[in-house]
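A.B. asks: no FASTA, just this:
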């Protein structure tokens, strides 16, 4: 027995030893591979790639997932030259051509790559970016390119839109108003009508859930309706390409799948010619672009509508057919793109600034996250180029509890927001359920079209102000009923609760040439810059002197990339690694008082 056991144990020992040695060798090889992989992950080049990809993209491409993301190119057009032109048509043509030509010159190699790989994509020129659907490998491959600045997410955003108040719960029957709507009266719009100005020759655009174009209070004011036939070309675009609720995708005519867009458009321009005088500027015309499907938007949908407004094109057409002479004058933007849901802080900024450069007044809702301070947090509400509206309790000079407050801290600017306030509670306007349906709603969504309509009245009354963004904002600001408060780190006017106060369009129209909004008198700003590679990344080190404001806007290639404290220094990590050239200037925050331009060049 013992002898037989000894005989059997010898081969077993040899087998166990062999297995042990093999396992040890495999473990050693794995450790070496792991060490190499770790060193690769943490290499400067790989780290540079990872920092260019937004966290939302990393999360939604994990474990083999596919996601939509925006590939923003490093080479962006400079549209600052539009300021030298006097008219909207000249400004619009300059901006559209500068952006379009830049996209055509720079997107080719990436588009060819995407086509070769059979990847879904859509090109945009207003931000010089491309929407791509792919996995982590595609995101990393694109981020590794020197011509790509960043890869940002395209999350679906469920907007917290106001809900309509059913007729049974309303304080009065929506179908039978006794007077002009209280919010319209409180802004003194009827007094401006009495002077002969009702928004004539001005076009207001709705970026929203769509519009029921056949509504009795809206149809007569639609630019695509001549009283006999409808022509939706250049007047309507649908950025909803899948889904679309009751309207379906790619609707060939204006359609509202929720109610919100019809309601806001009605407050800006609506009037049925009878008892339903619901709008601020009934002499203005409207066009529209649907950027939400039953209240759900995405950054790409928002960008697509802003691109359409910059240069509208035919139904079923494409941006190459865009005509900037058909652009609207004012846009209503009662939506947001929360960073908490994956929107990047600056994804939409270039598109907003392009509209302003083209002379288009973009009026934006402050949001409904009050009463806390620093709750103006969703792009595009806190951008300097957005004219941001807070909400008053209609008929009073008290702020609505839900109205978001400043200062804007999410981008580090500490910017005063909102800019101005208007009635935003119990607002009665058009609904989407039928051609004679009306409903009530509360929100900064309702305040926003009051301001858009007021701007239409201002421009029809004072043509010299048309499409002049800064002077026009100053006109409304200076004429507003100033409401002081010491809440939210502010005092006097403007402040972080009411902005400049309650809009008074009669005062703005009758005051004549406006006095510019007071700003500190700056001295000459001198900027210097030099380039240095830090961790392999092209980094521009900027220094300035002579600025007097608390905050500074840093411009790279004509686009504001950061608003920072005025401490005289800023390091711009460009995200590029190879040969590159960037042009910088710095400006007093939210003004056109800027430094000299400085060019920073990097070698390969």
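C.D. replies: All right, it came through fine. Here the structure is a predicted model, which means the values were calculated and not measured.

A.B. asks: Buried residues in the helix or strand where residue 478 lies, which are they?
C.D. replies: Element membership for residue 478, per DSSP states H and E: helix 469-479. Neighbour counts over helix 469-479 (16 or more other CB atoms under 10 Å) mark 469, 472, 473, 474, 475, 476, 477, 478, 479 as buried. All C-beta atoms are positioned from the backbone trio N, CA, C, and that covers glycine.

A.B. asks: how about JSON lines for those, with distance to residue 445 and pLDDT added?
C.D. replies: Formatted as JSON lines, those follow (distance: CB to CB, whole Å; pLDDT from 0 to 100):
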{"residue": "469", "distance to residue 445": "22", "pLDDT": "95"}
{"residue": "472", "distance to residue 445": "22", "pLDDT": "95"}
{"residue": "473", "distance to residue 445": "20", "pLDDT": "95"}
{"residue": "474", "distance to residue 445": "25", "pLDDT": "94"}
{"residue": "475", "distance to residue 445": "24", "pLDDT": "94"}
{"residue": "476", "distance to residue 445": "19", "pLDDT": "96"}
{"residue": "477", "distance to residue 445": "21", "pLDDT": "95"}
{"residue": "478", "distance to residue 445": "26", "pLDDT": "94"}
{"residue": "479", "distance to residue 445": "24", "pLDDT": "94"}
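
A.B. asks: State the pair within these that is farthest apart.
C.D. replies: 469 and 479 (16.5 Å; CB to CB).

A.B. asks: follow-up on the earlier one: ok, and what's touching the helix holding residue 478?
C.D. replies: Residues from elsewhere that reach helix 469-479 (CB atoms under 8 Å, 6 or more residues apart in numbering): 356, 359, 361, 387, 419-420, 451, 454-455, 458-459, 462, 465, 494, 499-500, 503-505, 507-508, 511, 514-517, 592.

A.B. asks: List the buried residues in stretch 154-161.
C.D. replies: Here stretch 154-161 shows 154, 155, 157, 159, 160, 161 as buried, counting by 16+ other CB under 10 Å.

A.B. asks: Ok, stretch 436-446 next?
C.D. replies: For stretch 436-446, by 16+ other CB under 10 Å, it's 437, 438, 439, 440, 441, 442, 443, 444, 445, 446.

A.B. asks: Give me the three-state assignment for the closest residue to residue 408 other than its chain neighbours.
C.D. replies: Distances taken as CB to CB, 6 or more residues apart in numbering put residue 382 closest to residue 408, at 3.7 Å, once the chain neighbours are dropped. Classification of residue 382 using DSSP: H, G, I helix; E, B strand; the rest coil returns coil.

A.B. asks: residues contacting residue 382?
C.D. replies: 376, 388, 406, 408, 410, 411, 413, 415, 417.

A.B. asks: Around residue 152, how many other residues sit close by?
C.D. replies: 24 (other CB atoms under 10 Å).

A.B. asks: follow-up on the earlier one: looking at the buried residues of helix 469-479, which is nearest residue 562?
C.D. replies: residue 469 (21.4 Å).

A.B. asks: quick one: low-confidence ranges for this structure?
C.D. replies: 1-46, 160, 165-179, 512-523 (pLDDT under 70).

A.B. asks: Now do the helices in it.
C.D. replies: Assigned helices in the chain, in chain order: 2-41, 44-51, 55-60, 88-106, 108-116, 136-143, 182-186, 189-194, 260-269, 299-310, 349-357, 444-461, 469-479, 505-510 (criterion: DSSP state H).
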